[in-house]
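Peer 1: Test case, fold it:
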Amino acid sequence: MTDIGTQLTALIAVLGVAAGGVLGTDSGAQPAARTALVVDAASARDGRDLGRDLVDPRLEAVDADVRLPRSPSEARTNVLYFDSLGYRVVVAGPLASAAADAAHVDAVHAADLAGALQGAR
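Peer 2: As a prediction, the model looks like this:
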């Protein structure tokens, strides 16, 4: 038969781990908002030859979700989607910028692709 002291020690250990988990979850710090780049498809090419590179390779290395809308409706959908999820939205190009303005989304406006990449940092 198991000793009562062993059972009490196990119970105290379980309660200690549970209490630590509950107390440790509220650090008071808010997680950083994720960033989304909504860059007009034409701006994302940045002068690239369509036969070789469809988009600027810097977009593959950025730590952000990237959308490259080709129309005003795509731009609006992308901007509203990321805003509804609480993302920090960075827009570049006339389509994306107009979409953010029309939807009244508090987006960071960049003049070009380089500015959008800088805004994602």
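
Peer 1: Just name the shakiest helix or strand of the chain by mean pLDDT.
Peer 2: helix 4-24 (a mean of 56; mean pLDDT, DSSP states H and E).

Peer 1: next SSE after that one?
Peer 2: strand 35-39 (DSSP states H and E).

Peer 1: Convert the helix or strand that that next one is followed by to PDB, retaining C-alpha atoms only.
Peer 2: Following strand 35-39 in sequence order, the next helix or strand is helix 41-45 (DSSP H and E). Output in PDB follows, covering the C-alpha atoms of helix 41-45 (Å, rounded to 0.1, in the frame of the first residue of the first chain):
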ATOM      1  CA  ALA A  41       1.100  43.800 -57.600                       C
ATOM      2  CA  ALA A  42       2.600  46.200 -60.100                       C
ATOM      3  CA  SER A  43       4.600  47.800 -57.300                       C
ATOM      4  CA  ALA A  44       5.800  44.400 -56.000                       C
ATOM      5  CA  ARG A  45       7.400  43.700 -59.400                       C
END
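
Peer 1: which residues sit against helix 41-45?
Peer 2: Identification of contacts with helix 41-45 by C-beta atoms under 8 Å, 6 or more residues apart in numbering yields 53-56, 59, 68-70, 92-93, 112-113. C-beta: built from backbone N, CA, C; applies to glycine.

Peer 1: Ok, stretch 89-104 next?
Peer 2: 35-40, 42-43, 64, 69, 71-72, 74-76, 78-80, 82-83, 105-113, 115-116, 119-120.

Peer 1: Just the buried ones among those, please.
Peer 2: Buried members of those, counted by 16 or more other C-beta atoms under 10 Å: 35-40, 43, 64, 69, 74-76, 78-80, 82-83, 105, 107-108, 110, 113, 116, 119-120.

Peer 1: from those, which ones fall inside helices?
Peer 2: 43, 74-76, 78-80, 82-83, 113, 116, 119 (DSSP state H).

Peer 1: Least confident of the residues you listed?
Peer 2: Within these, Ser43 has the lowest pLDDT, namely 84.
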